[in-house]
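S.K.: This is a predicted model, with the sequence first.
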Amino acid sequence: DAKTTQPTSMDCAEGRAANLPCNHSTISGNEYVYWYRQIHSQGPQYIIHGLKNNETNEMASLIITEDRKSSTLILPHATLRDTAVYYCIVGNTGNQFYFGTGTSLTVIP
Amino acid sequence: DTGVSQDPRHKITKRGQNVTFRCDPISEHNRLYWYRQTLGQGPEFLTYFQNEAQLEKSRLLSDRFSAERPKGSFSTLEIQRTEQGDSAMYLCASSLVGGRDNEQFFGPGTRLTVL
């Protein structure tokens, strides 16, 4: 079963930062936080992952709280193409993922 | 394009028929995963392989389902005596365990419709 809780849906204005929260209060010490997104009818796309430290790549930033019980995915300048379902997943590297229902992000022009 | 390919992309079959799907992972990846996704839900884990060994199977994988990865490269997922409840997107993913980053890369999926 999924070990994360995410809001069902969110809106964001085009060009603004999109901040997607995720709660994972039962995360274990060796479990990573992964973020994926899925655009309609496509396979999930990897965005970013982290263990303890904040991470940034060309797509997004991941902020993990010090107690690791929650995290936020930040898309710095949302575009219409960022409209998708975003999944936050907690798991050990190499093991299977347990997805929840994710957050449906709609970027509004 | 993640480098993971799946074939076919769409399959329509009649109830009771057998179907087989193929997944080609990223070539150097040693783990291969199968997931199933129904409308409005997140992907659900079915099974995964480390090289040719099937390490874990979900309780969702009934005895009508069988997966193989005979040479540790491509994998097949067969569903026998299909039922309408098998209609779903079947997703394959691969990862390199032991590398620097172990994220899973997903293919585009095979959409199965059982009439």
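M.R.: Great, that's in hand. Numbers count the residues shown, from 1 in each chain, chains lettered A, B, ... in the order given.
S.K.: What confidence value was assigned to the closest residue to chain A within chain B?
M.R.: At 3.1 Å from chain A, B:Gly42 is the closest residue in chain B, using Cβ to the nearest Cβ. Quick note: C-beta positions are derived from backbone N, CA and C, even for glycine. Per-residue pLDDT puts B:Gly42 at 92.
S.K.: can you pull the contacts of it?
M.R.: Going by Cβ atoms under 8 Å, 6 or more residues apart in numbering or on different chains, B:Gly42 touches A:2, A:85, A:87, A:99-102.
S.K.: Out of those, the closest to B:Leu46 would be?
M.R.: A:Phe99 (12.4 Å; Cβ to Cβ).
S.K.: how close does the closest one get to chain B?
M.R.: 3 Å (Cβ to the nearest Cβ, to the nearest Å).
S.K.: returning to what we had before: now, the most widely separated pair of the contacts of B:Gly42?
M.R.: A:Ala2 and A:Val85 (13.4 Å).
S.K.: quick revisit: the residue of chain B closest to chain A - nearest residue in space that isn't next to it in sequence?
M.R.: In this structure, B:Gly42 finds its nearest non-sequential neighbour in A:Phe99, 3.1 Å apart by Cβ to Cβ, 6 or more residues apart in numbering or on different chains.
S.K.: Could you report the neighbour count for B:Val114?
M.R.: Here the count is done by other Cβ atoms under 10 Å in any protein chain shown, and B:Val114 has 19 residues near it.
S.K.: right, and it touches B:Asp86 too?
M.R.: Yes. Applying Cβ atoms under 8 Å as the test, B:Val114 and B:Asp86 come out as touching, 5.3 Å apart.
S.K.: Quick check: residues of chain A near chain B?
M.R.: For chain A, the residues in contact with chain B (Cβ under 8 Å from any Cβ of the partner chain) are A:2, A:34, A:36, A:41-46, A:49, A:85, A:87, A:93-94, A:96-102.
S.K.: so what's residue 30 scoring on pLDDT?
M.R.: Just going to use chain A. 85.
S.K.: Switch to chain B, please.
M.R.: 91.
S.K.: Can you pull the phi/psi pair for it?
M.R.: Backbone torsions for B:Asn30, taken as degrees, to the nearest 10, come to phi -100, psi -20.
S.K.: That one: neighbouring residues, count only.
M.R.: B:Asn30 has 17 nearby residues by other Cβ under 10 Å.
S.K.: you'd agree it is up against B:Ser73?
M.R.: No. Under the criterion of Cβ under 8 Å, B:Asn30 is not in contact with B:Ser73, lying 10.1 Å apart.
S.K.: what does chain B have sitting close to chain A?
M.R.: Counting by Cβ under 8 Å from any Cβ, chain B sits next to chain A at B:2, B:4, B:31, B:33, B:35, B:40-45, B:48, B:56, B:58, B:89, B:91, B:93, B:95, B:97, B:101-109, B:111.
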